[in-house]
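# Sequence plus predicted model, see below.
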Amino acid sequence: MTKFIIRRVVWTIPVILLVILLTFVLMRQIEGNPFRTSERAIPAEIQRNLERKFGLDQPAHIQYLRYVKGVVTFDLGPSLVLRNRDVNDIVRDHFPKSLELGGLAFLFALLFGIPLGALSALRANSVFDYGAMFFSNVGYAIPSFLVATLLIYFFALEWDLGFPTSGWATWKHKVLPVVALGLGPGAAFARLVRGTMMETLQQDYIRTAKAKGLRWRRVVGLHVLRNSLIPVVTAAGPTLGFLITGSFVIEQIFAIPGIGRYYVTAVTARDYSVVMGLTVLLSIIVIVANLIVDILYGILDPRTRDART
Amino acid sequence: MATDPAQGKEQQVGARRVVTDEGPGVAEGSAGAPVRQTNLWKDAWGRYIRNKAAVVAGATFLLVLLFCAIWPIVSPYDPNHVDFALKSQGPSLAHPFGTDNFGRDMMTRTAVGGRVSIGIGFAATAAILLIGVAYGAISGFVGGKLDNGMMRFLDTLYGLPYLPFAIIVLAIFGDANFWTMIVALSIASWFTSARIVRGQIITLKENDYVRAAKAVGARWLRVLGRHLLPNTLGVLIIAIFLELPGVILGEAFLSFIGLGISPPDASWGQMANEGRAVYRVAPHIMAVPSIAIAVLILAANFIADGLRDALDPRTRET
């Protein structure tokens, strides 16, 4: 097990370097001048000085190495557009809000997806099952911007329940965005849990547990649910990507000053160092999450360890 | 994009053979092969047609495609004709989907926008599958250390959010049009399909008819092209409908946050973006394209389920 974990951890290092390299190469292809704030061209001398200041006059591989060094020491460099602001400052200001939004949405998705899927599987082909599956299929297919707009339209405006439509301050600000972002992943969890639970219910060891007189409630809690939750762990990695993607839209709609919203602003302003820093940050988060999921999976299902080492 | 619910299912599909009806050695030789292949597809068709949800989904999907293809031709309205006298009208007999903020007929625009959205969807899906087949086939076929490295690479990148990379790609091109959107949406979305193909190739490689082909001295290109890749066709067809929703949503997201297809060209995401400013007074402007997206994605999900059951009877739920 230790060997598996070490191997897995070691493997992420070259991948992170590669992702940084890919982002780095991509970013260099973007045209336009971040130092130009007006229509007038910047005098060549000033342009040169600015480039020297940000190290842009160095050869590409030196810039890359310096950047990697920066990432390792948690220093993502200065913003090219905003004076006296580091990418670190921007991350510090905006990231906690995105993290909270994503975390709450994930929690919401788990809390309604797993019970919904489990109850559906236990009452397969009942009215409840059909209703729940209709709900999850539709919930998974509706684009989150429609969900968000519907929530705003009814809960904030038509029925006037006191939910603000923008900002990120009190818990009331957070309800609608969290529901809008978490609905899709939650619906996906429900479908996933129902599918795997139906399969688990057919297993011989469940029949054995029933046959030896174990109470049904205990069978479900001890055997069925535990084995059915493994795919949810596997799905956690992609769900994170899903939440990050979704947050770009949700933060825009609810005017939440998070990473996703700032990212779009930075791209339009050609603030390369911010765009690059945020991309690298998001990628590393996903890569590390995958690492954790893989290790968890290895613990939960020992068979996968041999297959993957 | 990695669609999460499909995750567990994809792995199942990847791990199992689609061509279960064929015994060992059937595909070898050329005389008997076509007949057997027809049987397999006929079987699958028979199973698909018995699945009510999948049939309804398939019909809906085709209807949406037909609507987008034909309606702009027969419609009495020009999708870009601005008439402020007709601004933001709700659905009526003359305009069944209402009119938008510029008085343009929403029904015609939905069809025209659908052409763009669905066109980008299919083209980007094709690109994703092409990269996936190339990567997965090399990894699975060569095997050994190379396979190990390539798969470890994929494992780590799995679930990487495609949106930041798509945005960067669009910034590089400096313009979001049909072709640049395809590149943007496929550049960081092919990891799942590569995994599926690789899994399929690995399983097939152990089949007796592949060993027999190798034993009689077939060259590797022939083994790969004649025996392995054609048998991944089943999973690829399923993969089309698994990838399509993600790509269509991706286009919608990009256009919705204002980085995608630019006005006056229509795409469903672009139309939803236009409706966002006026959702209070004219909710239908945003609702119509969003519902179109939802219907298409819902249909694609059910088609994927139906196809999986049809092409791989062993994963069928009881």
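Happy to help now that I have it. Owing to the predicted nature of the structure, the values given are computational and were not obtained by experimental measurement.

# mind listing the helices for chain B?
Along chain B, counting by DSSP state H, helices occupy B:6-15, B:33-50, B:52-74, B:106-142, B:144-157, B:162-173, B:178-186, B:191-205, B:208-215, B:220-222, B:233-256, B:268-276, B:283-311.

# Nearest to residue A:130 among those helices would be which one?
helix B:52-74 (11.0 Å; CB to CB). For the C-beta atoms, the positions are set from N, CA and C on the backbone; glycine is no exception.

# which helices and strands does the closest one pack with?
Other elements packing on helix B:52-74 under the criterion 3 or more CB pairs under 8 Å, 6 or more residues apart in numbering or on different chains; DSSP states H and E are helix B:33-50, helix B:106-142, helix B:283-311.

# let's go with 10 Å and repeat that
Packed against helix B:52-74 by the contact rule (3 or more CB pairs under 10 Å, 6 or more residues apart in numbering or on different chains; DSSP states H and E) you find helix B:33-50, helix B:106-142, helix B:233-256, helix B:283-311.

# what is the mean pLDDT for the shortest one?
What that stands for is helix B:33-50. What helix B:33-50 shows for mean pLDDT is 69.

# next one: the second one
Averaged over helix B:106-142, pLDDT sits at 89.

# Buried residues, it. List them.
For helix B:106-142, the neighbour count (16 or more other CB atoms under 10 Å in any protein chain shown) marks B:106-125, B:127-129, B:131-133, B:135-141 as buried.

# could the helices of chain B go into CSV alongside distance to residue A:122?
What follows is those, written out as CSV (distance: least, CB to CB, whole Å):
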stretch, distance to residue A:122
helix B:6-15, 19
helix B:33-50, 26
helix B:52-74, 21
helix B:106-142, 36
helix B:144-157, 33
helix B:162-173, 36
helix B:178-186, 39
helix B:191-205, 30
helix B:208-215, 42
helix B:220-222, 50
helix B:233-256, 27
helix B:268-276, 38
helix B:283-311, 21
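
# picking up where we left off before, if we check chain A, which of the buried residues of helix B:106-142 are in contact?
With the criterion set as CB under 10 Å from any CB of the partner chain, no member of the buried residues of helix B:106-142 is near chain A.

# about what we covered before: which one, of the helices of chain B, ends up nearest to residue A:86?
helix B:162-173 (19.6 Å).

# The closest one packs against which elements?
helix A:2-29, helix A:230-253, helix A:259-268, helix A:272-300, helix B:178-186, helix B:233-256.

# so that helix versus helix B:233-256, what angle?
70 degrees (axes from the mean of the first three to the mean of the last three CA atoms, to 10 degrees).

# Show me which positions of stretch A:148-164 end up buried.
Quick answer for stretch A:148-164 (16+ other CB under 10 Å): A:148-153, A:155-156, A:163-164.

# now stretch B:205-218
B:205, B:207, B:209-210, B:213, B:218.

# ok so, going back, which ones, among the buried residues of stretch A:148-164, also lie beside chain B?
A:148-150, A:152-153.

# Inside strands: which ones of these?
Of these, none are assigned to strands by DSSP state E.

# which of the residues you listed lies closest to chain B?
Using CB to the nearest CB, the shortest approach to chain B within these belongs to residue A:149, at 5.3 Å.

# Wait, that closest one touches residue B:286, no?
Yes. In this structure, residue A:149 is within contact of residue B:286 by CB atoms under 10 Å, at 5.9 Å.

# burial count for the nearest residue to residue B:254 once chain neighbours are set aside?
Using CB to CB, 6 or more residues apart in numbering or on different chains and skipping residues adjacent in sequence, the residue nearest residue B:254 is residue B:260, 3.6 Å away. By other CB atoms under 10 Å in any protein chain shown, 29 other residues sit near residue B:260.

# Likewise for residue A:255?
15.

# which one is it nearest to, not counting chain neighbours?
Residue A:255's closest residue in space is residue A:166 (CB to CB, 6+ apart), at 3.7 Å.

# quick check, that neighbour in a helix?
No. Applying DSSP: H, G, I helix; E, B strand; the rest coil, one finds residue A:166 to be coil, outside a helix.

# residue nearest the centroid of the chain?
As the question left the chain open, I've gone with chain A. Geometric centre of chain A, nearest residue: residue A:240, 2.9 Å, by CA atoms, centre = their mean.

# Sorry, I should have been clearer: chain B.
Residue closest to chain B centre, computed by CA atoms, centre = their mean, is residue B:244 at 2.4 Å.

# and residue A:71, what helix or strand is that in?
helix A:60-72 (DSSP states H and E).

# Hmm, residue A:212 and residue A:218 touching each other?
No. At 11.1 Å, residue A:218 does not count as touching residue A:212 under the criterion of CB under 10 Å.

# what sits against residue A:264?
A:248, A:251-252, A:275, B:163, B:167, B:257-259 (CB atoms under 10 Å, 6 or more residues apart in numbering or on different chains).

# if I look at it, how far off is residue A:182?
Residue A:264 sits 22 Å away from residue A:182, going by CB to CB, to the nearest Å.

# thinking again about what came up before, from residue A:17, how far out is the closest residue to the residue nearest to the centre of chain A other than its chain neighbours?
With sequence-adjacent residues excluded and distances taken as CB to CB, 6+ apart, residue A:240 is closest to residue A:289, at 5.1 Å. Going from residue A:289 to residue A:17 by CB to CB gives 18 Å.

# Neighbour count for those two, which is higher?
Set residue A:289 next to residue A:17 and count neighbours by other CB under 10 Å: residue A:289 wins out with 18 against 13.

# just for the chain, where's the confidence low?
Since you didn't name a chain, this refers to chain A. A:31-41, A:55, A:83, A:303-309 (pLDDT under 70).

# think we crossed wires, I meant chain B
B:1-39, B:86, B:88, B:159, B:312-318.

# who's sitting farthest from the centroid in it?
Most remote from the centre of chain B, using CA atoms, centre = their mean: residue B:85, at 39.7 Å.
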